[in-house]
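Colleague: Provide a 3D model corresponding to the input given below.
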Amino acid sequence: MSINSHANRDDRGNSRRPGPPTARPSRRAALRLALLAPGWPAIARGSPDAFPTRVRAFRLIEADGLRRDTYPIHTTIEGAGRDTRFLLLRDGQPIVAQFRPIDGPNHDVALDFEASLDSRDTRRYEVHSGQGVDPGPDPGAGIRLERVGDHFQVTQPTGMAFRLGRDLFDGPGPLVEAGSPRLAFVGAAGTSVGVEVGRDKAPIDLRSGRPPRVEITRQGPLAVVARVEAGPFEGGNGSATLDLTFPRGKPWVEAVLTLDDPRKVVTGLQFALGLAFDPDPSRTSPAGDWARVDDAHRSVIAAAAGGGNVAVERKQIVIRRDFEPSQASKSLTFRVLFGSRSGPLGRISPDAMIHPPRVEWDRPRAEP
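Modeller: Sure thing, here's the model as predicted:
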């Protein structure tokens with residue numbers, strides 16, 4: 001892969017002919033001065049109609065003392081939506097990445113890629129964008145998104161399949177399945193999303209108000225993102241958004257449940273996962289910020305971030321977070337990992353699941 005290098009074609013700048021002190025600079029000289037300003041795109045050497053290219057850099061930081069292998073990374077490139085081509089480089093070499101525009105007035109772009117880092121490791125990356133940028137490497141086998149009847153189905157290259165119904169989790173068949181022969185991990189029975197109003201009251205189901213709306217907000221070979229919007233709930237208790245990210249690199253789903261609570265009455269958020277198998281009690285982890293359940297063939301690990309709690313109740317994994325009603329922001333972030341007991345599941349740390357490497361962007365600069 002090659003990228004056009006960018007600079008003024010004439011290093012001497014404007015004509016040597018002297019002018020009066022008050023003379024305005026020529027167009028070429030003004031352009032050359034503009035290139036020295038930080039944040040401005042450089043101009044390509046070569047033909048006069050060469051395309052401008054912008055360079056943005058960031059660091060990927062592993063600060064939790066955990067080794068990461070093919071870890072899914074998601075970040076946002078601010079204000080890049082008007083660019084038409086993108087390329088991600090690490091140490092000057094192009095790597096596989098997915099770029100997708102984000103709806104909204106800011107013209108942001110979502111960047112998805114995979115990274116392997118050692119404990120306390122830091123890697124530097126650059127994003128090159130513009131019409132003159134070469135396309136990146138072929139991603140190979142990626143995630144497949146299909147419409148099957150009234151449902152969306154997201155299938156990873158490993159065969160792990162996730163199903164989202166028009167009515168959220170309703171409908172026949174398993175919600176998560178994998179393997180050959182197929183093994184069901186999660187079923188519609190017992191799976192729900194709810195809000196709690198008062199400590200002594202049962203959660204109000206997400207589907208108790210207007211029927212939920214399921215929309216695919218991002219799709220590509222490295223990540224698919226679905227958004228579920230629901231509410232207002234029974235009694236007019238606000239509305240909720242559930243964002244589900246399905247990455248290629250890991251057999252998990254990343255979830256963020258966010259609640260709009262203008263009346264400030266909600267005291268808890270809850271996601272209950274209905275298991276499609278009978279867990280072995282001797283292999284069930286204690287409650288805390290993560291839990292694991294197994295049977296003879298399957299394993300499921302759920303981990304919650306930011307003060308969330310995970311518990312196993314019969315054939316359910318219940319992920320919840322409590323709030324003071326006066327809190328303005330109410331959200332529950334968690335990840336659920338599915339796998340075979342004979343696979344590499346045991347080598348994945350729950351801490352690594354809910355604490356991704358940190359992305360720190362540099363200030364915009366011109367390419368030298």
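
Colleague: backbone torsions only: list them for S282.
Modeller: phi -70, psi -10 (degrees, to the nearest 10).

Colleague: could you check how far it is from I216?
Modeller: Noted for S282: a distance of 40 Å to I216, by C-beta to C-beta, to the nearest Å. (Glycine included, C-beta is placed from N, CA and C.)

Colleague: buried stuff in the host helix or strand of M353?
Modeller: Here M353, judged by DSSP states H and E, is contained in helix 350-354. Of the residues in helix 350-354, P350, A352, M353, I354 count as buried by neighbour count, 16 or more other C-beta atoms under 10 Å.

Colleague: same deal with stretch 283-294?
Modeller: So for stretch 283-294, counting by 16+ other C-beta under 10 Å, buried means D289, W290, A291, R292, V293, D294.

Colleague: pretty sure the second one sits against V300.
Modeller: This points to W290. No: at 11.0 Å, W290 does not count as touching V300 under the criterion of C-beta atoms under 8 Å.

Colleague: about what we covered before: centre of the chain versus the helix holding M353, how much separation?
Modeller: Centroid separation for helix 350-354 versus its chain: 15 Å, with C-alpha atoms, centre = their mean, to the nearest Å.

Colleague: how about the strands in the stretch 1-150 of the chain?
Modeller: Along the stretch 1-150 of the chain, the segments classed as strands by DSSP state E, counting those that start in this stretch run 54-61, 68-77, 86-90, 93-95, 98-101, 109-117, 122-129, 144-148.

Colleague: sorry, that was for the stretch 151-300 of the chain
Modeller: So, for the stretch 151-300 of the chain - with DSSP E, counting those that start in this stretch - the strands run 151-155, 161-165, 174-178, 183-187, 192-196, 204-205, 213-218, 223-230, 239-247, 252-260, 268-274, 290-294, 298-305.

Colleague: lowest average pLDDT across the ones you listed?
Modeller: Mean pLDDT is lowest for strand 204-205 among those, at a mean of 71.

Colleague: who does that strand pair with, and is each partner parallel or antiparallel?
Modeller: Paired strands of strand 204-205, with direction, are strand 192-196 (antiparallel) (DSSP bridges).

Colleague: give me the angle between the strand it pairs with and strand 268-274.
Modeller: 160 degrees (axes from the mean of the first three to the mean of the last three C-alpha atoms, to 10 degrees).

Colleague: how far is strand 192-196 from where the chain is centred?
Modeller: 23 Å.

Colleague: quick one, domains of the chain?
Modeller: 54-140+357-361, 144-345 (automatic domain parsing).

Colleague: out of those domains, name the one with the poorest average pLDDT.
Modeller: Among the domains of the chain, domain 144-345 has the lowest mean pLDDT, at a mean of 84.

Colleague: of the buried residues of helix 350-354, which is the nearest to F162?
Modeller: Distance ranking of the buried residues of helix 350-354 against F162, using C-beta to C-beta, places M353 first at 16.5 Å.

Colleague: pick out the residue nearest the middle of this protein.
Modeller: By C-alpha atoms, centre = their mean, the chain has its centre lying nearest to H74, at 4.3 Å.

Colleague: please name the residues that touch that residue.
Modeller: For H74, the contact set (C-beta atoms under 8 Å, 6 or more residues apart in numbering) comprises A110, L111, D112, A223, T245, P247, P356.

Colleague: before we move on, what about F86?
Modeller: Contact analysis of F86 by C-beta under 8 Å, 6+ apart lists I77, A80, A97, F99, V109, L111, V127, H128, S129, V133, G136.

Colleague: list the residues that contact both of W290 and V300?
Modeller: By C-beta under 8 Å, 6+ apart, W290 and V300 have no common neighbours.

Colleague: and the pLDDT for G142?
Modeller: 94.

Colleague: contacting residues around it?
Modeller: P157, G220, P221, L222, R248.

Colleague: related to what we said a few turns ago, and the furthest pair within the buried residues of stretch 283-294?
Modeller: Taking C-beta to C-beta, no two of the buried residues of stretch 283-294 sit farther apart than D289 and D294, at 18.8 Å.
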